[in-house]
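Asks: Sequence plus predicted model, see below.
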Amino acid sequence: MKWVFNDLKTNKGVWAGVLLVLVVTQTILCAMGVSMGVNDYYLGVPGKTGEAAKHVGSGLSLVYAIAVVLGCLVIMLTLQASIRQRRQGLALLSLLGATPRQVLSFTVAQVLALAMMASVIGLALSPLLAPLILQFHSAVLGLPPVLAFTWHNFARSALTGLAAGLITALLGVFLTLRDLRTMIPVQLLNRAGAEESMTKAKRSKGKLMFLSAVIVLLLPLAGNVYLSQHDLAAMGRAQIMTVISLTGNSPLLAIILILIALTRSGGTAIGWATRVWTRLIPARSPAWKLARSQAVTRSRGKAFGSSVISLTACLFLVGGLLAAGQTSTAGMRSLPQLSNASSGGPLELLAGFWAALLITLVGAIASFAISARERSLDLALVSIAGADRRQLLAISALDGCILMTTGVLVAAAATLMVGAATAIAFLPLSGSFHMVFPGQFLLALGAPIIAIGSLATLISARATLRKPAIATIQTAIGE
């Protein structure tokens, strides 16, 4: 166990990112559990209070379920990034005689220690956050603020939320670290060999998940074909909506499956996307060429991929649902009975997915911070090769720009796919291919994210350049 705590101290910069994700996940799940407990307390109250509790309860359940799924994925991504940064320590531990089971046990113990710290923070903050959550959902639904906070059954509700967070963390740990059981120490030290062996094992599962997502997206096609073969003029609005609502949640399920597919085998897609879009930029400056070369090489790694996938999840979760909702609404409006159909906008979706969005955004930030040491090492090597300070700062800013742009473009491509599949599914009903793409939404969020990412790597580079390049290299290799 001494190694467990020594590793936490030695790699405190890496484990700080993991702790950040665990704190946010545990706090959200604990606060959500308390909110649901308070809401259940008011369900039996007659009048407006009981009615408000019924409406708020369904929204809280959706937020809670999506937060658990996305929390597990983000924890997996963050741990993948941390393992990449600690691969030398893990390999040396294995060479000293530790079995894969012991390595797994050590890492589980580390995550449990951090999760317990996160649980204490979540437990302390939940009484403050739960009332705000209830007020927010009541305001979004247009309900009176009658759900006041109560300590009734607080302990049970809080412990339920904390237990869900611990299970989510442990599930993320086991799904991430089970790949270590099939790896030998030399592979852990060899970056390319380790990642290649992991990628081959996951690629088939990722393809299966992606294929399942496409099938789920096309499920409304069956219902729309059924409707097109019947006399729609003789059918009422309720009958048509009953058929359409049978597959109403298919876009959300498909989006989650796509995110799981990216988590399992997204490295290939991310590396390909990085190579393609950066090749289209006609810049000839040495700084751009070097930054592009580094980004293309780093895009094969878990740290780069974790940041991109977490960022993609944040944008794609809302963008994909907007594309699916607005496209399906456009198809339904072709029918006279559904001419006044409407779809939820960004604010309505925010009410249902704010917790998942916050977790994924924090996951992107944590993965970005975890990979700081790798970026600093690249910067030091380029400095020794003869680059001046101005070129190094330009390379750093471009590094963050490329990473964030890749995440935005992958999210846009996935959103486009969801919109196109939804338009095809509603083709029998509308008679024409009409897809709505939320380009303004993605641009409004993507542009600031790219700017912030570029500024963050620039500031990080300024701090790195204050130290001698050789000192940075010695720190990175553990000397």
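Replies: Okay, I see it. Numbers count the residues shown, from 1 in each chain.

Asks: Just give the number of residues close to Ala254.
Replies: Residues near Ala254, counting by other Cβ atoms under 10 Å, number 25. C-beta: built from backbone N, CA, C; applies to glycine.

Asks: The stretch 101-250 of the chain: helices as residue ranges?
Replies: Using DSSP state H, counting those that start in this stretch, the helices of the stretch 101-250 of the chain run over 154-177, 185-189, 191-217, 220-228, 237-245, 250-279.

Asks: So what angle separates the directions of the last one and helix 154-177?
Replies: Going by axes from the mean of the first three to the mean of the last three Cα atoms, to 10 degrees, helix 250-279 is angled at 50 degrees with respect to helix 154-177.

Asks: which other residues reach the helix or strand that helix 250-279 is followed by?
Replies: Using DSSP states H and E, the helix or strand that follows helix 250-279 in sequence is helix 286-298. Residues from elsewhere that reach helix 286-298 (Cβ atoms under 8 Å, 6 or more residues apart in numbering): 271, 274-275, 278-279, 281, 283, 304, 371, 374, 378, 382, 387, 391, 394-395, 398-399, 402-403, 406.

Asks: shaky segments in the stretch 151-300 of the chain?
Replies: Residue ranges of the stretch 151-300 of the chain with pLDDT under 70: 176-203, 266, 300.

Asks: Swap in 80 and give it another go.
Replies: Low-confidence segments of the stretch 151-300 of the chain, defined by pLDDT under 80: 169, 171-206, 230-237, 239-240, 248, 263-268, 283-284, 298-300.

Asks: quick one on the thing from earlier: now distance to Leu416 too, for the helices of the stretch 101-250 of the chain, in JSON lines please.
Replies: Conversion of the helices of the stretch 101-250 of the chain to JSON lines gives the following (distance: least, Cβ to Cβ, whole Å):
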{"stretch": "helix 154-177", "distance to Leu416": "29"}
{"stretch": "helix 185-189", "distance to Leu416": "37"}
{"stretch": "helix 191-217", "distance to Leu416": "12"}
{"stretch": "helix 220-228", "distance to Leu416": "18"}
{"stretch": "helix 237-245", "distance to Leu416": "23"}
{"stretch": "helix 250-279", "distance to Leu416": "12"}
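
Asks: Just tell me which of these ends up closest to Lys48.
Replies: Closest approach to Lys48 among the helices of the stretch 101-250 of the chain is made by helix 154-177 (22.9 Å; Cβ to Cβ).

Asks: Can you list the buried residues in stretch 257-274?
Replies: By 16 or more other Cβ atoms under 10 Å, the buried positions in stretch 257-274 come out as 257-271, 273-274.

Asks: Just tell me which of the helices of the stretch 101-250 of the chain ends up closest to Met76.
Replies: Per Cβ to Cβ, nearest to Met76 of the helices of the stretch 101-250 of the chain: helix 154-177, 4.5 Å.

Asks: how about that closest one as CSV, C-alpha atoms only?
Replies: Extracted in CSV, the C-alpha atoms of helix 154-177 (Å, rounded to 0.1, in the frame of the first residue of the first chain):
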residue,chain,number,x,y,z
PHE,A,154,-31.6,13.1,3.9
ALA,A,155,-29.2,10.4,5.0
ARG,A,156,-30.8,7.7,2.9
SER,A,157,-31.0,9.9,-0.2
ALA,A,158,-27.5,11.2,0.1
LEU,A,159,-26.0,7.7,0.7
THR,A,160,-28.0,6.4,-2.3
GLY,A,161,-26.4,9.1,-4.5
LEU,A,162,-22.9,8.4,-3.1
ALA,A,163,-23.3,4.7,-3.6
ALA,A,164,-24.3,5.3,-7.2
GLY,A,165,-21.2,7.5,-7.6
LEU,A,166,-18.9,4.9,-6.1
ILE,A,167,-20.4,2.1,-8.3
THR,A,168,-20.0,4.4,-11.4
ALA,A,169,-16.3,5.1,-10.4
LEU,A,170,-15.5,1.4,-9.8
LEU,A,171,-17.2,0.4,-13.1
GLY,A,172,-15.1,2.9,-14.9
VAL,A,173,-12.0,1.6,-13.2
PHE,A,174,-12.6,-2.1,-14.1
LEU,A,175,-13.7,-1.4,-17.7
THR,A,176,-10.5,0.6,-18.1
LEU,A,177,-7.9,-1.5,-16.3
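
Asks: Quick one: list the elements packing against that helix.
Replies: If contacts are counted by 3 or more Cβ pairs under 8 Å, 6 or more residues apart in numbering; DSSP states H and E, helix 154-177 sits against helix 12-42, helix 48-85, helix 100-140.

Asks: quick one, which of those helices is packed in tightest?
Replies: helix 12-42 (a mean of 24; mean count of other Cβ atoms under 10 Å).
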